[in-house]
Structure formats: structure tokens, C-alpha cells
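S.K.: Structure, please.
(2 chains)
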Amino acid sequence: MGPKPEVDTDRLSDETLAIQVSRGSSTALEVLYDRHGATVLGFALRIVGERTAAEDVLQETFWRVWKNAETFQPQRGSFTSWLFRIARNLAIDVYRRGSVRPQTIPGDDDSASDLDQTPDPDMDVASQAQSALENKQIRNALTSLPGAQRQIIELAYFHGMTRQEIAEATGEALGTIHTRARLALQKLREELEREKFEG
Amino acid sequence: MENHIEDLLPFYALDALTEEEREQVEAYLATHPEARTQLEEMSRAVSVLPRGVPPVNPEPRTKSALLARVAADQRARSSVKSQPSQRVNRFQSLFRPLGFAVAILALMWILLLNLQVVGLNRQVTALHDALAAQSDSLNQIIQKLPQGTPSDTITVSLKGTDVEPQAQGQLIANPTSQSAVLVVTGLPPLEPGKTYQVWLIGGAPVSAGLLTVDANGQGVLIITSEEAIGSFNSLGISVEPEGGSPQPTGDIVVLSDL
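M.R.: As a prediction, this is how the structure comes out:
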């Protein structure tokens, strides 16, 4: 995976690193990649369903971070929110172009067992533990959603479908779709609070 | 309308709206702070969704390819940064003499403009003098009119139109009388075949006679009407073919209310 960047840079926040990237620091970009690359790849893979395409999305995502870092505005949200918005838009584009098909079928299935989930050897143990805990909290919260609500999240967020497309795909009325979407996000928020998710 | 927009908030947070719907929501959010609070809570929930997916370690080649692109971009940026200083030096050495010449030309242009302004000022002064002379002429003509005009005689000032803005005149009349005296200055002599015609206007214009001006643009006309002068609303003077016209056909050079 290459030499580990300097320790001092490792301790900087995402937002500080983004500012350094905007000033031309490839080292800062490398730290961000090492920190979030695996999550971005897993996320892209979830949407596009094919490994090579997902790796391309990952590379393009961080290339756009490099080229557009000066447009990141901390007051409008976290760096990871901005990062995953870029990744999602790229992945949805790939998905919509139809060159790939999602690996998973929307619903209760969470078929990630055949994927490489080896922990990143460059991350320190504490960070790995914290990250793993948070990810588990999020998955628990998602799992707690009723199937119909989780399906709305899957179709809207991971497949980029509009509410009209979701209504058509599920055969449900728009009003039902609206209600399920609102309840899904409300319950997700409540579950994260219950899990004491600190994010 | 508001319920409809609030139904869209979860989909705004999920980024699953059409462009038109996004604009509707953003317009709504601008004026509904409580909706912004709701949206923030929904957005926080949505922001964690990517981390609900198991992470996958990337292939090493992906990072290598990314860093290679970044390095190439850094080299390109460095190359662009070093060029402008060289371009600036060449620019300065090439254009310094030209800059001096441009400055001289600019100075000459300013001097020329000043001369033009001085000339224009002289023209304006001459025009003012001519106007004053016309007014003096008008007053002289009026003074030559028979003295002792009845106390109910009125004098109406007349003005030129945009066609002959320098024209002016006076109509001296007793409103109950059918006669009046018209004195005009500032009307240029016309070419052969044309004449000035005076009109009294109450409904349809009624010809009040043909007006001849001298070389100085001055003319006097004794008007005789079949009706009292006071029964008309306005007076006009137009350019007509020699001999006059039944109705105004040419440019109106004077038009004033009585």
C-alpha cells in the first residue's frame, strides 16, 4: 500500500487535511485516502455492484477531492458528507449508465460476506476499533428498520431513484412512499441516538 | 402546498429529487426555519448511511494510479507558475517604448479635445447672442404695433416644435375679436415652392393665412377669422406647398395652446 505518511499529518482532522489538499498537499490527500478509501470503496461497490467499476469510482472520487478541495465548505457539513456525496454521484452515474448491475437485491439481504473486509494494517488499533464500533452501530440501526422503510432508503439512496420511480417500482402510492421515507429517517435517527452513536 | 413540500424533505436529504423539486424545496427552506431544522436532522441520519456498508480494502493499483495523476497535475501546475514571470519580462521589454508612445498620443488627444471644447463653447455663446438678438427684434416689432391696444387684449407666447426649436412668436389678440396679430421669429426662409401656413385649431384646423418670413427669419401676419379668436384652442404653423393647403400636410414648426 506504500509508505505511511508522516505521523503528524495522521493526527489532523479531515477538515484540516482538506484545507491542506486545497493548498496542493498530496500528502494530505494520501492521508484522507488511507483513512476513508475502504469505506468509499465499500459504498461504491454497494451501488455499482462490480469491483473494477467501484475501484474506478474510488479513484475518481479522490481525484475530484484533489481538484476541487477549495470548494469544500466546513460550515455546510463534514468532510465525509462532502466526500460521500461525490462518491455517490459518481457511482449512481455508473449505475444509471447501465454498464453494471447492483450485486444486492433491495431488501433484507446484506451479502457482503464474499468481499474483502481485512482491516487496514496502516490504521492504529484504537482507530480501527472506534471505526468498527461506529459502523456496527450504523448497521444495527439500519437493520432495525422495517423492511418496507429500509427498501425506500435502499432505492432512494443506493440506487438514486426518485420518489416517482420508487412508487412505480414498488407499486405503492406516492403518499405511502412519502410516509415511509419520513418514518425511515426518523427511526434511523432514533436508533442512532439509542446506540449512543457519536459519529 | 406546504404539506407537499414537507413530503419532499426526506427525499431532499436522500438526494432523490428532480432538479425542479430541489428548487421548490430550497425556496421553501429559505422562508421556513422549522423545516430547515427538520432537514438538518434528516441529513444527519442520511450522512451515516455510507458507513453502514462494510468497508472493502482497495487494490494497491488504485492508490498508485491516483497518486500518479496527482503528481502529473502538480508538475503541470509548477510549469504554468514558472512561465508568467518570463512572459512578464518579455512583455515589459517589448511594450515599454510602446507605452511611452501611447502616453504621448493620449496627451495629444486630450489637448485636441480641449480645443474642441473651446470651439463648442464659442458656438454656444454665439447661439445665445443670436437668440437674444431675436428676442430684441421681436420686442422691437411689437413696439411698432399700434399703441393703445384695448385693455382686454391678450398676448400669447408661441414656441417652435422639435422641427424648428429656435422658432418663437407672439399672438396679440382680443379673444372676442375676429382679428389678431401674429409675430414670429426664428423661422428659416423656405426654398422656392414652399410657404409657411398658419392654422387656428378648435376642432379641425382652420387656415389663418400664409406667413412670409424675411432673411432674418422674422414675419408678421394679420389674422382675420370668421370666428372669435378666443373660440380656438391652439395655433399652429406648418410648411405647405406654395399657395397653401386646405389642411396641414407638412411639418409642424410652431404649435402652442392659446
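S.K.: CA atoms for contacts and neighbours, from now on please.
M.R.: Noted.
S.K.: Pretty sure residue B:234 sits against residue B:257.
M.R.: Yes. Judged on CA atoms under 8 Å, residue B:234 makes contact with residue B:257 at a distance of 4.1 Å.
S.K.: which one's the longest helix in chain A?
M.R.: Secondary structure of chain A read by DSSP state H shows that its longest helix is helix A:26-48.
S.K.: After it, which helix or strand is next? Please name it.
M.R.: Beyond helix A:26-48 on the C-terminal side, the first helix or strand identified by DSSP states H and E is helix A:51-68.
S.K.: now for that next one, which elements pack on it?
M.R.: helix A:14-22, helix A:26-48, helix A:79-97, helix B:60-143 (3 or more CA pairs under 8 Å, 6 or more residues apart in numbering or on different chains; DSSP states H and E).
S.K.: Can you tell me what sits against it?
M.R.: For helix A:51-68, the external contacting residues (CA atoms under 8 Å, 6 or more residues apart in numbering or on different chains) are A:21-22, A:29, A:33, A:37, A:40-41, A:44-45, A:48, A:83, A:86-87, A:90-91, A:94, A:100, B:58-59, B:62-63, B:65-66, B:69-70.
S.K.: Same question for stretch A:167-180.
M.R.: For stretch A:167-180, contacts defined as CA under 8 Å, 6+ apart pick out A:148-149, A:152, A:163-164, A:166, B:7-8, B:10.
S.K.: run the last query once more with 6 Å
M.R.: Contacting residues not belonging to stretch A:167-180 are listed as A:149, B:7 [CA atoms under 6 Å, 6 or more residues apart in numbering or on different chains].
S.K.: Determine how far that stretch lies from the middle of the whole chain.
M.R.: 25 Å (CA atoms, centre = their mean, to the nearest Å).
S.K.: Kindly check the end-to-end length of that stretch for me.
M.R.: In stretch A:167-180, first residue to last residue: 11 Å (CA to CA, to the nearest Å).
S.K.: With stretch A:16-36 instead?
M.R.: With CA to CA applied, stretch A:16-36 spans 15 Å between its terminal residues.
S.K.: Now that we have the contacts of helix A:51-68, which of them are buried?
M.R.: By neighbour count, with 16 or more other CA atoms under 10 Å in any protein chain shown, the contacts of helix A:51-68 hold A:21-22, A:29, A:33, A:37, A:40-41, A:44-45, A:48, A:83, A:86-87, A:90-91, A:94, A:100, B:58, B:62-63, B:66, B:70 as buried.
S.K.: what does the model give the closest residue to residue B:207 other than its chain neighbours for pLDDT?
M.R.: Closest residue in space to residue B:207, ignoring its immediate chain neighbours: residue B:199 at 4.5 Å, by CA to CA, 6 or more residues apart in numbering or on different chains. Residue B:199 carries a pLDDT value of 93.
S.K.: Assumed residue B:199 was part of a helix.
M.R.: No. Residue state for residue B:199 (DSSP: H, G, I helix; E, B strand; the rest coil) corresponds to strand; a helix is not indicated.
S.K.: So it is in contact with residue B:210, correct?
M.R.: No. The pair residue B:199 / residue B:210 is not scored as a contact, 9.2 Å apart, by CA atoms under 6 Å.
S.K.: between the two, which one's more packed in?
M.R.: Using other CA atoms under 10 Å in any protein chain shown, the more surrounded residue of residue B:199 and residue B:210 is residue B:199, with 24 against 21.
S.K.: what about residue B:73, distance to residue A:167?
M.R.: Separation of residue B:73 from residue A:167 (CA to CA) stands at 45 Å.
S.K.: So for those two, which sits in the more crowded spot?
M.R.: residue A:167 (18 against 15).
S.K.: Residues of chain B that sit close to chain A?
M.R.: Proximity of chain B to chain A, by CA under 6 Å from any CA of the partner chain, involves residues B:7, B:10, B:14, B:16-17, B:42, B:45, B:47, B:50-57, B:60, B:66.
S.K.: Now which of those residues would you call buried?
M.R.: Buried members of the residues of chain B next to chain A, counted by 16+ other CA under 10 Å: B:7, B:10, B:14, B:16-17, B:42, B:45, B:47, B:50-57, B:66.
S.K.: sorry, back to before: report the angle between the longest helix of chain A and helix A:51-68.
M.R.: If you take axes from the mean of the first three to the mean of the last three CA atoms, to 10 degrees, helix A:26-48 sits at 140 degrees to helix A:51-68.
S.K.: could you give the angle of helix A:26-48 to helix A:14-22?
M.R.: In terms of direction (the same axes, to 10 degrees), helix A:26-48 departs from helix A:14-22 by 110 degrees.
S.K.: What lies in contact with helix A:26-48?
M.R.: For helix A:26-48, contacts defined as CA under 6 Å, 6+ apart pick out A:17, A:21, A:54, A:58, A:91, A:95, A:100, A:102, A:158, B:50, B:53-57.
S.K.: and if you look at stretch A:181-199?
M.R.: For stretch A:181-199, using CA under 6 Å, 6+ apart, the contacting residues are A:141, A:149, B:10, B:42, B:45.
S.K.: about what we covered before: what's the residue nearest to residue B:207 in contact with, if anything?
M.R.: Shown here is residue B:199, whose contacts under the criterion CA under 6 Å, 6+ apart are B:205-208, B:235-236.
S.K.: Can you give me the pLDDT of residue B:134?
M.R.: Looking at residue B:134, its pLDDT is 62.
S.K.: Direction included, what does the host helix or strand of residue B:235 pair against?
M.R.: With secondary structure defined by DSSP H and E, residue B:235 is part of strand B:234-241. Next to strand B:234-241 in the sheet, as set by DSSP bridges, lie strand B:194-201 (antiparallel), strand B:252-257 (antiparallel).
S.K.: Just name the most buried of these.
M.R.: Among the strands paired with strand B:234-241, the stretch with the highest mean neighbour count (mean count of other CA atoms under 10 Å in any protein chain shown) is strand B:194-201, at a mean of 22.
S.K.: now it, how far from the chain's geometric center?
M.R.: Remark: strand B:194-201 is offset 33 Å from the chain centroid, using CA atoms, centre = their mean.
S.K.: Stretch A:15-33 too?
M.R.: Distance of stretch A:15-33 from the chain centroid (CA atoms, centre = their mean) equals 19 Å.
S.K.: Tell me which residues of it come out buried.
M.R.: Neighbour-count burial for stretch A:15-33 flags A:15, A:17-22, A:24-33 (criterion: 16+ other CA under 10 Å).
S.K.: I'd like the distance between residue A:97 and residue A:83.
M.R.: 22 Å.
S.K.: pLDDT weak spots in chain B?
M.R.: B:1-3, B:81, B:83-95, B:127-128, B:130-152 (pLDDT under 70).
S.K.: Of all residues in it, which one is nearest the centre?
M.R.: Nearest to the geometric centre of chain B sits residue B:162, at 17.0 Å (CA atoms, centre = their mean).
S.K.: ok, now which ones touch the closest residue to that residue other than its chain neighbours?
M.R.: Distance criterion CA to CA, 6+ apart; nearest residue to residue B:162, sequence neighbours excluded, is residue B:253 at 7.4 Å. Residues near residue B:253 by CA under 6 Å, 6+ apart: B:160-161, B:163-164, B:237-238.
S.K.: One more pass at 8 Å, please.
M.R.: Contact analysis of residue B:253 by CA under 8 Å, 6+ apart lists B:160-165, B:167, B:236-239.
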